[in-house]
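1. return a 3D structure for these sequence lines:
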Amino acid sequence: MMRWIAIVLFSFLILAFESPLLAKAKAGAYAPDLGLIVVLYIAFIAPYEVGLVAVLCVGMFKDAFSMTAPLGLHMEVLALTFVVVHRLSQRIDLRGPVSVLALTAAASIASSFLELGLCLIFDQSFNTSARTTGVVLAAMLPQALLTAPFGPVIFWLLGQLESLTTRKSESIYT
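-> Next up is the predicted model:
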């Protein structure tokens, strides 16, 4: 139990520090999706039910720090991403930082498509013109390339945090 509380609090802290730093740097357009990386880590280590509850908490925090997205959008995107990655985690071996980079980039693009789809379907204020959709599609690759390098770092930090809370020195890398 302490392990999951620590991971959820860690996600709150990184999201809380990310928001003002991005505002100060005026770099909000292309921000790394640190919440997604935490979700990927949880998908690889958690049992389904416990992981889903933790991911919903991370999504709630991300929704709280997001000023422009509809309430619940990030929670839904992260929960669906968790479900897919949790199923894939039984077939994928993370053998090092390069595989985490690839996983993070692919998950970032997939979650961006999912977010775009949910906005097109459910957000009435979302502009459905081809120009707006094109801008969102064009931003997916830079978003993924910016998020990917943070993957191994966050995975390592969460591994260190987990070793403190569970007194195990195992790594997620097989």
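2. every contact and neighbour count from this point should use C-alpha atoms.
-> Fine.
3. which SS state does Ala69 fall under?
-> coil (DSSP: H, G, I helix; E, B strand; the rest coil).
4. leaving out chain neighbours, which residue sits closest to it?
-> Asp63 (7.4 Å; C-alpha to C-alpha, 6 or more residues apart in numbering).
5. in the lowest-mean-pLDDT helix or strand in the chain, what counts as buried?
-> Ranking every helix and strand in the chain by mean pLDDT, DSSP states H and E puts helix 130-147 at the bottom, with a mean of 80. Applying a neighbour-count criterion of 16 or more other C-alpha atoms under 10 Å, the buried positions in helix 130-147 are 133, 140-147.
6. tell me the one among these nearest to Val38.
-> Here the nearest of these to Val38, counting by C-alpha to C-alpha, is Thr147; it sits at 11.6 Å.
7. grab the nearest non-local neighbour of that closest one.
-> Closest to Thr147 by C-alpha to C-alpha, 6+ apart is Pro32, at 4.3 Å.
8. so what's the one you found up against?
-> Residues in contact with Pro32 (C-alpha atoms under 8 Å, 6 or more residues apart in numbering) are 143-144, 146-147, 150.
9. how near is it to Arg91?
-> Relative to Arg91, Pro32 is positioned 26 Å away (C-alpha to C-alpha, to the nearest Å).
10. likewise Leu22?
-> Separation of Leu22 from Arg91 (C-alpha to C-alpha): 36 Å.
11. which of these two has more neighbours?
-> Leu22 (15 against 9; other C-alpha atoms under 10 Å).
12. surely the more buried one is in contact with Ala31?
-> Yes - applying C-alpha atoms under 8 Å, one finds Leu22 in contact with Ala31, separated by 7.3 Å.
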